[in-house]
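> Let me see the structure of the following:
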Amino acid sequence: TRRRGINFTNVSKQKGKNKTKSLPWDIENFSVTYAFTELFKHNLTTKWSYNRQYNGGLTYNYQQTLKPIEPFKNSKAKILESPWLALVKGFNFTPMPSQFNFSTNVTRSYIEILSRDITSPVDDYTRPQYNKTFNMSRVYAMRWDITKNIKADFNANNDGRVLEPYEKTYKEYAANDRKAVQDRFLGGGLTTAYRQTSNLNVTIPLNKIPILDFITSTTYKYTTSYQWQHKPFATPEVGNTINNNQQQTINTAFNMTSLYNKIPYFKRVNLGINNKKDDSPKKPKDDKNKDGKGKAIKDPKAKNDKDTTKPKDPPQIFEYVARLIMTLKQASFTFNQTQGTTLPGFQDSTSVLGMDGRTHNGVFPSFAPGPGFVFGQQQTQIDPNGNPHLINEMESKNLLVQRNNFSTPYAHTYMRTYSFQAKVEPFKNFKI
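The predicted model follows:
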């Protein structure tokens, strides 16, 4: 047994001490990986056994914190001082993405075994056995904070395979076979699977509008995924499979106390200052009805106006009614909708964002299944014959497999949910 190997992992140039700003074309954004291992064996039953593993990778990573441009932030125009124009004054944007990532990894495995013929003393009929895999994978990632309230990100993975001739080593390839392998390698290999996800997050600043400041937060999220799966190599006649998913979510939260406080009486009730005390200065007592010693002289004409009946306190009743009206203190609402489509028997390949962007015999690229499908668009229309509009469109472009015994079904899923949460206080210090 003999082992040998070499390994370089994430070889890159580091930034200098005085360099703080990162630019997209900096060499420091790149890193390289290479590894090779070999295991050789031979024994009584094995004439030789080679197991060679090759691994190479190239990574590009750019990430920079970008300050958004705010054209009206320092404006001294009086009209922009109005709270009703807070959205205009706070307008901002970022001209370019803040993060780019790309990596490609090449993995090649070569195993060759020749067994000894220990049964026949004359003729040796054993032949070398080969097991070869040559895979390539690519990963893409991007993040863009378009504004402070609008943020998008995108991730994609592409798995490929470089096909090689059977039962031959690379040194034994004919010239045309070597050229074919090189072309397949430089072309990224034959794509076997493609996956991508994208997210769009939007925060709607409704609380900056004075009349809507009781809406503490409103967010919208749009998430999509797309997958392209290569047809089985054993049964290529069934075609490829594509599917997409789309999810939309809206979250809203309300602070109802802020809404109630817009009514002055309700605000006084919430602050506990509804029954005001008389803080006016007291008038000095009149001494004209007192004798020389300071004792009060009873006026025989004066009437006893003291009312022994206890008066009602209407403001206290109104406070109970107000608190009953203001029972709802906080509330939140969530809406979620998920849809998906699975389409088997798809004949086109993938090269650009999961679409076919290559020309065939001079024909303009089809870019099937289209940007809409790739980014989650759902076609739910049905023709009078009960066939989905998407299938009719694909068939008109000759993009679907035509077989009478095709049994894998087209599928569309749909789900919608609503949820509501509330915090109520029907009585003081009694919360639900």
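> can you pull the buried residues of the worst-scoring helix or strand of the chain on mean pLDDT?
Within the chain, no helix or strand scores below helix 314-325, which has a mean of 74 by mean pLDDT, DSSP states H and E. The neighbour-count check on helix 314-325 (16 or more other CB atoms under 10 Å) flags 319, 322-323 as buried. C-beta: built from backbone N, CA, C; applies to glycine.
> how about those residues in TSV, adding distance to Ile118?
Conversion of these to TSV gives the following (distance: CB to CB, whole Å):
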residue	distance to Ile118
Glu319	103
Ala322	100
Arg323	97
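> Thr257: neighbouring residues, count only.
16 (other CB atoms under 10 Å).
> element containing it?
Here Thr257, judged by DSSP states H and E, is contained in helix 256-260.
> what mean pLDDT would you report for the helix or strand following that helix?
Using DSSP H and E, the helix or strand that follows helix 256-260 in sequence is helix 264-271. Helix 264-271 shows a mean pLDDT of 82.
> Taking helix 314-325 as reference, get the angle to helix 264-271.
80 degrees (axes from the mean of the first three to the mean of the last three CA atoms, to 10 degrees).
> Mind giving me the packing neighbours of helix 264-271?
helix 256-260, helix 314-325 (3 or more CB pairs under 8 Å, 6 or more residues apart in numbering; DSSP states H and E).
> In the first one, which residues are buried?
Neighbour counts using 16+ other CB under 10 Å place 256-257, 259-260 of helix 256-260 among the buried residues.
> now swap in stretch 365-385 and tell me
366-369, 373-378.
> Report pLDDT for Ile297.
Reported pLDDT for Ile297: 53.
> Narrow the buried residues of stretch 365-385 to those in helices?
373-374 (DSSP state H).
> Can you tell me which one of the buried residues of stretch 365-385 sits lowest on pLDDT?
pLDDT across the buried residues of stretch 365-385 is lowest for Ser366, at 72.
> Which residues are in contact with that one?
By CB atoms under 8 Å, 6 or more residues apart in numbering, the contact set of Ser366 is 348, 355-356, 397, 399.
> how about a cut-off of 6 Å?
Listed by CB atoms under 6 Å, 6 or more residues apart in numbering, the contact set of Ser366 reads Asp356.
> can you start the count at 46 instead of 1 from here on
Happy to do that; since the first residue is 46 now, the last one works out to Ser411.
> Would you mind measuring from it to Lys442?
7 Å (CB to CB, to the nearest Å).
> I'd like to know which elements whichever strand or helix holds Lys374 is packed against.
Using DSSP H and E, Lys374 falls within strand 373-391. Counting contacts by 3 or more CB pairs under 6 Å, 6 or more residues apart in numbering; DSSP states H and E, strand 373-391 packs against strand 285-300, helix 301-305, strand 456-469.
> Just give the nearest non-adjacent residue to Ser160, would you?
Spatially, and ignoring its direct neighbours in sequence, Ser160 is nearest to Thr171 (5.2 Å; CB to CB, 6 or more residues apart in numbering).
> quick one on the thing from earlier: lowest-confidence stretch among the helices and strands packed on strand 373-391?
helix 301-305 (a mean of 87).
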